[in-house]
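>>> got a predicted structure here, sequence first:
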Amino acid sequence: MSSQSIRPLAIITGGSRGLGFEVSKALTLQGFDIALIAKDDQRLEAAAKLIREADRYHNGVSTSHISTFTCDLEQPDLVRKLIDSLKQSLATPSVLILAHGVMSEKMSKTLKTNDAEWRRVMAINLDSVFQLVNGIAPAMADARNGRVIIFSACLGRMSGPGNAGGLAPYRISKAGVNALVRNLAHETGLGARGFLVDATCPNHSRTDMGGPDAPRSAEEGAATAIWLAIRPFNAGDVTGVLWEDKQVVEW
């Protein structure tokens, strides 16, 4: 992609499937250029092809530029190399959506999980989120034109029903994501400087993680993230919060 492109750029992790794929497809139809990040090279290229076909069907021609970047987000050194590659080859994005994540093992209670499982989940769900925000978002904040949207989970909330007990690495990693979002939003002026950061809970959606029997479609789970990426932001609007179905929910 040329740095001279006049189209807004969205960088999206987990873009080869599920929620990330649905967000990528929708933003392409909204006129964004897209940078897709995922672990599986073949699935990534297949997803890019499907998005181009959807764009062509919608517009009569594929007008968006879609680039792909393969990375195992569990590996910190590879994440930093990815960030360097993104910064060297792409313009500053106006949207960064982090839709990747893993579930912890079913029996991973705090007193029973092991170091390897804890480290795996934390590395993917929290550490790589920090690295990507830390590496990509400063230029967005400096430009006073950026939106960071991170898929969290209601299982990471500290209030409400069903927010404790079991799946410890997953719940705690998502609680960490929520804390990161809230803290970063306050550090950057709560939207007053043109930089927005929000978390979204997709609820139980039919993805590889959610399974085929989940009550919500992937499109429904992705809808709030898409809305956050393109919503008008006016004086008095809020950022630095957790959203579910376009409504703020308590942490």
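In hand now; what should we look at?

>>> going along the chain, name the helices of this structure.
For the chain, the helices defined by DSSP state H occupy 18-29, 41-59, 76-89, 115-122, 128-142, 168-187, 218-230.

>>> give me the contacts around the third one.
Under the criterion CB atoms under 8 Å, 6 or more residues apart in numbering, residues 1, 11, 35, 37, 67, 69, 71-73, 123, 127-128, 131-132, 135-136, 139 lie in contact with helix 76-89. In this view, the C-beta of every residue, glycine as well, is placed from N, C-alpha and C.

>>> on that earlier part again, distance to residue 207 and mean pLDDT added to the helices of the chain, as CSV?
Listed next are those as CSV, based on distance: least, CB to CB, whole Å; pLDDT from 0 to 100:
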stretch, distance to residue 207, mean pLDDT
helix 18-29, 3, 95
helix 41-59, 13, 90
helix 76-89, 22, 98
helix 115-122, 17, 97
helix 128-142, 18, 98
helix 168-187, 14, 97
helix 218-230, 5, 95
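
>>> deepest-packed of the ones you listed, please.
helix 18-29 (a mean of 25; mean count of other CB atoms under 10 Å).

>>> quick one: contacts of that one?
So helix 18-29 is contacted by 10, 12-15, 34, 36, 38, 47, 50-51, 54-55, 58-59, 64, 66, 95, 97, 99-100, 151, 202, 205, 207-210, 218-219, 221-222, 225-226, 229-230 (CB under 8 Å, 6+ apart).

>>> restrict that helix to CA atoms and write it as CSV.
Provided in CSV are the C-alpha atoms of helix 18-29 (Å, rounded to 0.1, in the frame of the first residue of the first chain):
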residue,chain,number,x,y,z
GLY,A,18,-14.6,-15.3,12.9
LEU,A,19,-15.0,-11.9,14.4
GLY,A,20,-11.9,-10.4,12.8
PHE,A,21,-13.0,-11.6,9.4
GLU,A,22,-16.4,-10.1,9.8
VAL,A,23,-15.0,-6.8,10.9
SER,A,24,-12.5,-6.8,8.0
LYS,A,25,-15.2,-7.5,5.4
ALA,A,26,-17.5,-4.8,6.8
LEU,A,27,-14.8,-2.1,6.9
THR,A,28,-13.7,-3.0,3.4
LEU,A,29,-17.2,-2.3,2.2
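
>>> please compute how far that helix lies from its chain's middle.
Relative to its chain's centre, helix 18-29 lies at 11 Å (CA atoms, centre = their mean, to the nearest Å).

>>> try stretch 38-57
17 Å.

>>> still on that earlier bit, out of the helices of the chain, nearest to residue 109?
Residue 109 sits nearest to helix 168-187 of all these, at 5.7 Å, using CB to CB.

>>> before we move on, the earlier item: make JSON lines out of the helices of the chain and add distance to residue 105.
Shown next, in JSON lines, are the helices of the chain (distance: least, CB to CB, whole Å):
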{"stretch": "helix 18-29", "distance to residue 105": "19"}
{"stretch": "helix 41-59", "distance to residue 105": "23"}
{"stretch": "helix 76-89", "distance to residue 105": "22"}
{"stretch": "helix 115-122", "distance to residue 105": "6"}
{"stretch": "helix 128-142", "distance to residue 105": "19"}
{"stretch": "helix 168-187", "distance to residue 105": "8"}
{"stretch": "helix 218-230", "distance to residue 105": "22"}
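
>>> so for residue 246, which of these sits nearest?
helix 218-230 (5.3 Å).

>>> now that closest one against helix 18-29, angle please.
Angle of helix 218-230 versus helix 18-29, following axes from the mean of the first three to the mean of the last three CA atoms, to 10 degrees, is 50 degrees.
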